[in-house]
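In: need coordinates for the below:
(4 chains)
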Protein chains: 2
Amino acid sequence: MAATIKDVARACGVHVSTVSRTFSAPHLVNPATRSRVLAAADDLGYRPNRAARALTTGRTFNMGLIVADISNPFFPPLIKAAQAQARGRDYHVFVADTDEDPRVEEELIRTFTKQVDGVLLCSPRLSNKMIERLAEDVPFVVINRRIKGMPAVLMNVAQGAKLALDHLAGLGHRRIALVSGPIGSWTSNEMQGVAAEAQGLDLVFFGPNQPTEAGGLAVAPEVAACGASAVLAYNDLVALGLIEGLSAMEIGVPDQISVIGFDDILPGRLNRPKLTTVAMPAVAAGRMAVDLLLQSGGEGATVTLDTALIVRESTGRAQT
Amino acid sequence: MAATIKDVARACGVHVSTVSRTFSAPHLVNPATRSRVLAAADDLGYRPNRAARALTTGRTFNMGLIVADISNPFFPPLIKAAQAQARGRDYHVFVADTDEDPRVEEELIRTFTKQVDGVLLCSPRLSNKMIERLAEDVPFVVINRRIKGMPAVLMNVAQGAKLALDHLAGLGHRRIALVSGPIGSWTSNEMQGVAAEAQGLDLVFFGPNQPTEAGGLAVAPEVAACGASAVLAYNDLVALGLIEGLSAMEIGVPDQISVIGFDDILPGRLNRPKLTTVAMPAVAAGRMAVDLLLQSGGEGATVTLDTALIVRESTGRAQT
DNA sequence: TTTGATCTGGCAACCGTTTGCAAGGGAGGG
DNA sequence: CCCTCCCTTGCAAACGGTTGCCAGATCAAA
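Out: Numbering: from 1, shown residues only, chains lettered A, B, ... in the order given. Presented below is the predicted three-dimensional model:
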């Protein structure tokens, strides 16, 4: 149905290889011929078949982007940034969602192999070992996870957690609950690591939890019961669920308990009280990841992006 | 690097065509041979190259999904549903975001052509005419738009708008503002159509607007000034922006103005006041669209899904 | 034993593009 | 005027599969 390279070649009495070169190596063809070919191609509405091209060149000009959960408002800005950046380099991004399931994640990676030139693996739930094994088949850039020898875009969660803890300590909080995320989350481990080193604070850990509103809602009673006056949540969604759960128990935020999230997503800004949070540089991360994938011949450059504490309304002085 | 069909064939002393058939037409090969091939394939980690397969069969087992804005929380559930449904049919969904820009939308469709077996076009901003033209190159299923002869999944916006208007009328509201969406939105037109026919109501139209929180924020002053006691917003994001804008002007919702949105997204549920809204069947739509694309030989079946009014806290009695 | 139907698996062409190789032609230098 | 050299283009072999066609083998029925 659609015009192929042959149709174009026939249309202007030239060999297919000339047509091919007109597009992929224009300097090798005579300007006059080139414009004839271009005209014919335009006339027939010819567009090179990328799949066929991929077959010989081994390059698809596609990249995969795997995220744990598109519904989490944290991801869309990152996805958009990656797509925009990729488009500027004549690449396409195919987004897929794992539903937080490592098995689905593995399956998706496997099917992406050979369909894309590389995969952006965002907040993976797979083990390092498994990721390393899969990396033999397709180049990766990992976002939010440090794996030796593999290019990565990291967000400085440790720094953010420290900022958050300092902020809470400054408000007079001593006993602080740490509501972590799912198993396999590097971010969650980083947070716990920083917290464990915190001086003079009395920390209570809760986890693992689903990284969603539901997860926050579910731990709310335990958190309320543990006697902490402040909570550091795995992400904003969890923080929001927590606030929801606490307020259902007539516990006011920030009057009785202060809550800090991570990410800085839209619903947090819209919420009452507006959520205090550690902003993650999602847009920059999406862009960087694309660049890293395209430039890295596979060597493991690592970029770490800074985070920032955004103080809004969900944190306040500790009651004395 | 990766094993090809030839490697497998060599490994078990059989012709490539036999290996090929083992996967694509198992009944044509002897069970004994088949298991030998399967074993060898498994051993070598062989996975058929989908691009190569697409070259001969013309089927890629991929489908595209184009949305106006992944950041809008309305889309992710639809996307997830589509992906899940597609995965069950051995298909993959490549998601792309147009940033509400018709030109980007067209470009994306053009590049999807030949890379996918069909495209799910969700809330397009392109003109009907353009969509019809592009449909010559790749099968479409359109979501949230009615185009003659083209398969479509529609949400019953008219019904939802009617429900919402009745609800407001029942609460004693007479003068109602209608805050519409962007140009080219079918949904927006449907809403306006219903509103125009409403009996006994005094309607004030505002539009076009960006379908985002910012859009709502921007019209808030005008809406406040127009003397309406209730607002029907294009979607929840606009409604949320509106509430934000109104409360910045010290206008209480629902005490002084009632607000209804469309979609039923998460931030609306989390908001204070919780948003009254017309729920759109996004999950069902995603699923249906995939099925329609896969079954339709291109003929234009149309599915219309019902909407439902969810009354929460952002609507109340009109002040007398 | 012959016949024919049914399985099974090899052969080779083809899908649309790229690319190394080589040939023809024109131009410039000697 | 001849010899290089470069520019331009054609030729053909890949890339990794699929599939129509054909031939040999197997087996049951006659």
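
In: contacts, neighbours, all on C-alpha from now
Out: OK.

In: return the set of buried residues in the helix or strand hosting residue A:203.
Out: Counting by DSSP states H and E, the element that carries residue A:203 is strand A:202-206. Buried positions in strand A:202-206, judged by neighbour count with 16 or more other CA atoms under 10 Å in any protein chain shown: A:203, A:204, A:205.

In: same thing with stretch A:253-267?
Out: A:253-254, A:256-267.

In: in helices, which of those residues fall?
Out: A:266, A:267 (DSSP state H).

In: Throw the buried residues of stretch A:253-267 into CSV and include distance to residue B:144 and pLDDT, thanks.
Out: Formatted as CSV, the buried residues of stretch A:253-267 follow (distance: CA to CA, whole Å; pLDDT from 0 to 100):
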residue, distance to residue B:144, pLDDT
A:253, 40, 95
A:254, 42, 96
A:256, 46, 97
A:257, 44, 97
A:258, 42, 98
A:259, 39, 98
A:260, 38, 98
A:261, 35, 98
A:262, 34, 98
A:263, 32, 97
A:264, 31, 97
A:265, 27, 93
A:266, 25, 87
A:267, 25, 87
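
In: strand partners (parallel or antiparallel) of the helix or strand harbouring residue A:178?
Out: Applying DSSP H and E as the criterion places residue A:178 in strand A:175-179. Sheet pairing here is set by DSSP bridges, and for strand A:175-179 it gives strand A:202-206 (parallel), strand A:230-233 (parallel).

In: list the contacts of the longest one.
Out: Right, strand A:202-206. A:174-180, A:195-196, A:219, A:223, A:226, A:228 (CA atoms under 8 Å, 6 or more residues apart in numbering or on different chains).

In: buried subset of the residues you listed?
Out: A:174, A:175, A:176, A:177, A:178, A:179, A:180, A:195, A:219, A:223, A:228.

In: of those, which pair is most distant in space?
Out: Largest separation among these by CA to CA: A:174 and A:219, giving 20.0 Å.

In: interface residues of the stretch 101-250 of chain A facing chain B?
Out: Residues of the stretch 101-250 of chain A lying near chain B by CA under 8 Å from any CA of the partner chain: A:114, A:115, A:137, A:240, A:244.

In: before we move on, back to that, adding mean pLDDT and distance to residue B:155, write the strands paired with strand A:175-179 out as TSV.
Out: Shown next, in TSV, are the strands paired with strand A:175-179 (pLDDT from 0 to 100; distance: least, CA to CA, whole Å):
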stretch	mean pLDDT	distance to residue B:155
strand A:202-206	96	42
strand A:230-233	98	37
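
In: identify whichever of these lies nearest to DNA strand D.
Out: Between DNA strand D and the strands paired with strand A:175-179, the tightest spacing by CA to the nearest atom of the strand is seen for strand A:230-233, at 45.7 Å.

In: next SSE downstream of the closest one?
Out: Next along from strand A:230-233, by DSSP H and E: helix A:236-248.

In: avg pLDDT for the strand holding residue A:178?
Out: Mean pLDDT, strand A:175-179: 97.

In: how about low-confidence regions in chain A?
Out: Applying pLDDT under 70 to chain A flags residues A:1, A:297-299.

In: what about the residue in it positioned nearest to chain B, which SS state?
Out: Closest to chain B within chain A is residue A:94: 4.5 Å, counting by CA to the nearest CA. Classification of residue A:94 using DSSP: H, G, I helix; E, B strand; the rest coil returns strand.

In: that one against residue A:60, yeah?
Out: No. Using CA atoms under 8 Å, residue A:94 makes no contact with residue A:60, being 11.8 Å away.

In: higher neighbour count, the two?
Out: residue A:94 (24 against 21; other CA atoms under 10 Å in any protein chain shown).
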